[in-house]
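K.L.:
Predicted model, plus sequence, below.
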Amino acid sequence: MCGIVGYVGERDISSVLLVGLERLSYRGYDSSGISIISNGELSTWKKQGKIVELNNLLSGLSIKGSLGIGQTRWATHGVPNEVNAHPHFSETKKIALVHNGIIENYMEIKKRLIKNGHIFRSETDTEVLIHSIEEHLETTDSLLEALEKTLSEIVGTYSIATISEADPEKIVIARKGSPLIIALGKDENFVSSDINAILTHTKKVIYLEDNEIGYVTKTSTFVKEIGGSEVQKEVKVIDWSPTDAEKNGYEHYMLKEIFEQPSVIRNIISKYIDKDNNITLSKIHQPNLDISNVNRFIIQACGTSWHAGLIAKYLIESYARVLTEVDISSEFRYRQMITQGHDIVMAISQSGETADTLACIREAKSKFFKVLSFVNVKESSIDRESDGVVYSYAGQEIGVASTKNFIAQLATIYIFSIHLGLAKKHLNKEQASEMIQELRRIPDYIESILKKSEEIRTIAEKYCFSREFLFIGRGVNYPTALEGALKLKEISYIHATGYAAGELKHGPIALIDAKLPVVCVAPQTLTYEKMVSNIQEVKTRKGKTIIIATQGDEDIKSLADDIIYIPKASEDLTPILASVPLQLISYYIALKLDCDVDQPRNLAKSVTVE
Ligand code: AGP
């Protein structure tokens, strides 16, 4: 979703802002713009479409200046066009502002401002902010004070950066419900909604918390609570490397990330398991979070992370015998939670910033639930606000469609469930050790599947012109089927539905005809025979079957139009293995259809609005 970048310093200002915006582009956007104060005068450039359009607009211009802000916009209020793009500027064109988030009460504020003579140009909620600041600057010279007064009237979420000709040394910033960081350089400073924009310049960052406002100059920073006093902020040093954000010779980030999966699992094993197969999850044994007496987990997550949550239910209930509910965050948020005591709300999130998931943990904490989270991005809001955390250690994921992070979530959930099973004494050391040995084999198994990528590509291309797909699976592989369908929808825009195979005859079987490709996730698990019967039902109705089966399963071949074998592994690890060919099928179909694989239309990597 929208990304903010700001810079104050002596580098080439427009290129710092453009490169920053480019590094935010993976989040998904539909227009971009920058404002720069040059020779005391503020100028703004905006363009609909890709950042290259903005770059073309700026090419040939010699822009001097040492202060500027920019934004990639993902449209919510108002279509993607130049007028609605950020930065928004004041009537006098002397103040500019970028905003991520949603101003919920903008209609009533807009009415008042129009009555006071303000003329609105855009359809956005954001524009009220700039007019309101302008109005408050009639009674104060301080941009920070004007923004603070504006925010006192605002209901909604925001990260904001604003600059003014009257104060050409400062970028004034504020945060509530949408991330914003200050990044510290030598005689230069940056602001951004996302570490990626500044990663090549510095690793020293200050995280703004909700309800904080402040400013950065070339050599200083200042942060206070909105309506309160100054806050001394801790400077943190991040340990990511910018090389994570390179394609390393792959055509797309998504393909690179699919191929990184073996090393992701090896890394996770090295972080959590010692050579004697002992598990250490240091961040879940905080003094205020005791998992050993948990009675119930309530998992809430969105999209792919929700699919990981569905698999977590199978594992936690089976290894630790702890009742586990799974909910979509946007639904969980508005239902009446029943607290029974010793319940733990579990959030699963790659970005750690998903608005619905974050809102749920806040709601849960207000009702005295403890919160345990599985997150990939360290120091994200969900990481910082949870009582305990298990990091996914997937490395930075740039492709909007999640691949290696899903696999990392499944591996960490597997390790956590074994750990809990031991703590609850439903597993003994030998069993746990054997289960961990199984996990240690997975990276090699994934590598063997990746070696078949050309074979998978041929199968994918055979079906790429079908306008709909059905994905079916049972048990732990029912969520795998859901995830396979989501991947295909996201990057190829083909309609795909995931179903529990046993549900077919309760409705979806009506869809099956000779034209419908049905992807059947059918490794040899407890429900294998049942799954074979379900595939038989598909075949009888002439559906085209693409079967993911266990290596050596010759019998199932007779039911397959196409078959992709995965190595034999423990049942609970088959979702990891089966997901790899499903990812590749989606990737190669999208590639053949010439879709924007890494940045699919309408999607955002980090969904920071409700
Ligand atoms: C995954 O391919 C999707 N882009 C999306 O469903 C994503 O998983 C969802 O928005 C949740 O994001 P999170 O893991 O960052 O919370």
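P.N.:
Ah, there it is. This is a predicted model, so every value here is computed, not measured.
K.L.:
Quick check: buried residues in stretch 50-58?
P.N.:
Lys50, Ile51, Leu54, Asn55, Leu58 (16 or more other C-beta atoms under 10 Å). (C-beta placed from N, C-alpha, C; glycine too.)
K.L.:
and if you look at stretch 375-384?
P.N.:
Buried residues in stretch 375-384, counted by 16+ other C-beta under 10 Å: Val375, Asn376, Val377, Lys378, Ser380, Ser381, Ile382, Asp383.
K.L.:
Just read off the phi/psi values of the third one.
P.N.:
So the one you mean is Val377. Phi and psi for Val377, reported as degrees, to the nearest 10, are phi -90, psi 110.
K.L.:
One more: Asn84?
P.N.:
phi -80, psi -20.
K.L.:
Now for it: which residues touch it?
P.N.:
Shown in contact with Asn84 (C-beta atoms under 8 Å, 6 or more residues apart in numbering): Ser31, Arg73, Ala75, His77, Gly78, Ser122, Glu123, Thr124.
K.L.:
In a markdown table, list those along with secondary structure, neighbour count and pLDDT.
P.N.:
Formatted as a markdown table, the contacts of Asn84 follow (DSSP: H, G, I helix; E, B strand; the rest coil; neighbours: other C-beta atoms under 10 Å; pLDDT from 0 to 100):
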| residue | secondary structure | neighbour count | pLDDT |
| --- | --- | --- | --- |
| Ser31 | strand | 26 | 91 |
| Arg73 | strand | 27 | 92 |
| Ala75 | coil | 18 | 83 |
| His77 | coil | 14 | 85 |
| Gly78 | coil | 16 | 85 |
| Ser122 | coil | 17 | 92 |
| Glu123 | coil | 13 | 91 |
| Thr124 | coil | 22 | 93 |
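K.L.:
Now the terminal residues of stretch 255-267, how far apart.
P.N.:
Separation of the first and last residues of stretch 255-267 by C-alpha to C-alpha, to the nearest Å is 19 Å.
K.L.:
what's it in contact with?
P.N.:
Contacts of stretch 255-267 (C-beta under 8 Å, 6+ apart): 247-248, 250, 393-395, 397-399, 403-404, 407-408, 411, 439, 442-444, 446-447, 450, 576, 580, 583-584, 587, 597.
K.L.:
to the chain's geometric centre, what's the distance from the host helix or strand of Glu363?
P.N.:
If you go by DSSP states H and E, Glu363 is part of helix 355-366. Relative to its chain's centre, helix 355-366 lies at 16 Å (C-alpha atoms, centre = their mean, to the nearest Å).
K.L.:
Check which residues of that helix are buried.
P.N.:
Per 16+ other C-beta under 10 Å, helix 355-366 contains these buried residues: Ala355, Asp356, Thr357, Leu358, Ala359, Cys360, Ile361, Arg362, Glu363, Ala364.
K.L.:
For the ligand, state which of those residues is nearest.
P.N.:
Of all these, Thr357 has the smallest distance to the ligand: 5.2 Å, by C-beta to the nearest ligand atom.
K.L.:
For the ligand, what's the nearest residue on the protein?
P.N.:
Counting by C-beta to the nearest ligand atom, the chain gets nearest the ligand through Gly303, at 1.8 Å.
K.L.:
What is the burial count for that residue?
P.N.:
Neighbourhood size, Gly303 [other C-beta atoms under 10 Å]: 21.
K.L.:
residues contacting the spatially closest residue to it that is not a sequence neighbour?
P.N.:
Once flanking residues are discounted, Gly303 sits nearest to Leu486: 6.7 Å by C-beta to C-beta, 6 or more residues apart in numbering. The contact partners of Leu486, taken as C-beta under 8 Å, 6+ apart, are Gly303, Thr304, His307, Ala496, Gly498.
K.L.:
Likewise for Val83?
P.N.:
Arg121, Ser122, Glu123.
K.L.:
gap between the spatially closest residue to Gln524 that is not a sequence neighbour and Tyr528?
P.N.:
Excluding the flanking residues, the one nearest Gln524 by C-beta to C-beta, 6+ apart is Thr550, at 4.3 Å. Distance, Thr550 to Tyr528, using C-beta to C-beta, to the nearest Å: 8 Å.
K.L.:
Repeat that for Val5.
P.N.:
In terms of C-beta to C-beta, Val5 sits 52 Å off from Tyr528.
K.L.:
Counting neighbours around each, name which of those two comes out higher.
P.N.:
Higher neighbour count among Val5 and Tyr528: Val5, with 30 against 17, using other C-beta under 10 Å.
K.L.:
would you list every one of the strands in the stretch 51-200 of the chain?
P.N.:
Assigned by DSSP state E, counting those that start in this stretch, the strands in the stretch 51-200 of the chain fall at 67-73, 88-89, 95-100, 158-164, 171-176, 181-184, 189-192.
K.L.:
now the ones you listed in CSV, with distance to the ligand?
P.N.:
Shown next, in CSV, are the strands of the stretch 51-200 of the chain (distance: least, C-beta to the nearest ligand atom, whole Å):
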stretch, distance to the ligand
strand 67-73, 17
strand 88-89, 27
strand 95-100, 15
strand 158-164, 17
strand 171-176, 19
strand 181-184, 17
strand 189-192, 18
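K.L.:
The closest residue in space to Thr92 that isn't next to it in sequence: neighbour count?
P.N.:
Excluding the flanking residues, the one nearest Thr92 by C-beta to C-beta, 6+ apart is Glu134, at 7.2 Å. By other C-beta under 10 Å, 20 other residues sit near Glu134.
K.L.:
Give me the distance between the most far-flung residue of the chain relative to its centre and Ala146.
P.N.:
Here the chain reaches farthest from its C-alpha mean at Thr139, the gap being 41.4 Å by C-alpha atoms, centre = their mean. Noted for Thr139: a distance of 8 Å to Ala146, by C-beta to C-beta.
K.L.:
what's the answer for Ala501, then?
P.N.:
Counting by C-beta to C-beta, the gap from Ala501 to Ala146 is 60 Å.
K.L.:
Show me what Gly388 is bridged to.
P.N.:
Leu372 (DSSP bridges).
K.L.:
right, and it touches Leu289 too?
P.N.:
Yes - if you go by C-beta atoms under 8 Å, Gly388 and Leu289 touch, sitting 4.1 Å apart.
K.L.:
Between the two, tell me which one has more neighbours.
P.N.:
Gly388 (20 against 17).
K.L.:
Which residues does the helix ranked longest in the chain contact?
P.N.:
Using DSSP state H, we find that the single longest helix of the chain is helix 429-450. For helix 429-450, contacts defined as C-beta under 8 Å, 6+ apart pick out 258-259, 261-263, 265-266, 269, 273, 277, 279, 407, 411, 414-415, 418, 421-422, 427, 564, 566-567, 569-570, 573, 576-577, 580-581.
K.L.:
Return the distance of that helix from the chain's centre.
P.N.:
Put simply, helix 429-450 sits 27 Å off its chain's centre (C-alpha atoms, centre = their mean).
K.L.:
what do you get for stretch 298-314?
P.N.:
Computed by C-alpha atoms, centre = their mean, the chain-centroid distance of stretch 298-314 equals 14 Å.
K.L.:
go on, stretch 336-345?
P.N.:
On C-alpha atoms, centre = their mean, the centre of stretch 336-345 falls 26 Å from that of its chain.
K.L.:
before we move on, back to that, could the buried residues of stretch 50-58 be laid out in CSV, adding pLDDT and distance to Ser229?
P.N.:
Putting those into CSV (pLDDT from 0 to 100; distance: C-beta to C-beta, whole Å) gives the following:
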residue, pLDDT, distance to Ser229
Lys50, 88, 43
Ile51, 89, 39
Leu54, 90, 39
Asn55, 89, 42
Leu58, 86, 41
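K.L.:
ok, so of these, who is nearest His86?
P.N.:
Nearest to His86 out of these is Leu54 (C-beta to C-beta; 11.7 Å).
K.L.:
phi, psi of the nearest residue to that closest one once chain neighbours are set aside?
P.N.:
Nearest residue to Leu54, sequence neighbours excluded (C-beta to C-beta, 6+ apart): Lys47, at 4.3 Å. Backbone torsions for Lys47, taken as degrees, to the nearest 10, come to phi -150, psi 140.
K.L.:
Specify the beta-bridge partners of Lys47.
P.N.:
The partner residues for Lys47, given DSSP bridges, come to Ser32.
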